[in-house]
Every structure is written in structure tokens, then in C-alpha cells.
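Visitor: Need the 3D shape of this:
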Amino acid sequence: QDTICKLETNLDDCTGEALGYCMGKLLRSGARDVHYIPVYMKKNRPGYVFTCMCRMNDKDKMLKLMFQHLPTLGIRETACRRHALDRKIEKIQTSFGEVCVKISEGCHVKREKIEFEDLARIANEKHLSIEEIRKAILSERNN
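Guide: Numbers count the residues shown, from 1 in each chain. Model prediction:
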């Protein structure tokens, strides 16, 4: 477990383009997660709750970006304890070539997920669906 920072603001005067642009800037700058949720604000105005989750040592950078790219007057900060599985990426050889598999484990749980970008690349190359590629790789892996 570790501590992460939750930065949140309510917006009722922001375009979808600005929300998406700010989201991209934050993610490229190291945010762990960014999302926005549609809500009804005072006077029944449509708006958004915009949330950025980041490492504690990235907080000041994220605050600066949010103030720079969103029409907000204030941002709430909350420190959150986070519990996470250990993660690693393993490269495996398949009949389609090398693919990355994300492996998460801990607390008596183990999960494996083939990297989506690898599945999409192979699906485009082979003119098959992503699901057909996923099933074929899993079948190879289980045999």
C-alpha cells in the first residue's frame, strides 16, 4: 500500500475539448489516473467533477496543469491510501510474434492480461478480430 493524492474540482463552464486536452496533459505528465463525471450543479446546470489521481510528489505539477488548462477557481486535495497488486510485464513469444502480458498478483490473486496494443496490432496485420487473436494466444499459452 502507498499514499496517493486525489485532486478534484467541479466545473460548469468547461468544454469537452478542454476536458480532453487537460486529461491528456495530466496523463502524459505522470498522473496515475484522470477521469471526469457528468453531474448537475447549482441552478440545475450541467457540469463535471474532474479528478486527477497522482503520486504525492507530483501534486504541485498536477495542480499547476489543472489551473492552467481548466477554468477552475479551486481544487480540492485528498490523500488516499491505495492498496495495489504487484505488477510486472512479461514478453512472450507466440505464433504471431512477441507480445507483452501484464501480470498482477498479491493477496492470493493472480491475473494476466495481454497488452491491448499488441492485440490490436496483430488483429490489423492478420485481418482478424481482437478476440480471435486473444483466444489464439491464450490457447497457445495454455498448451
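
Visitor: and the most centrally placed residue in the chain, what does it touch?
Guide: Residue closest to the mean C-alpha point of the chain, counted by C-alpha atoms, centre = their mean, is residue 33 at 4.7 Å. Neighbour list for residue 33: 51-53 [criterion: C-beta atoms under 8 Å, 6 or more residues apart in numbering]. For glycine as for every other residue, the C-beta is placed from the backbone atoms N, C-alpha and C.

Visitor: Tell me what residue 48 is bridged to.
Guide: Beta bridges link residue 48 to residue 11, residue 38, judged by DSSP bridges.

Visitor: which residues touch it?
Guide: Counting by C-beta under 8 Å, 6+ apart, residue 48 touches 10-12, 14, 19, 36-39.

Visitor: Name the member of those residues that has the highest neighbour count.
Guide: Ranked by the number of neighbours (other C-beta atoms under 10 Å), those place residue 36 first, at 21 neighbours.
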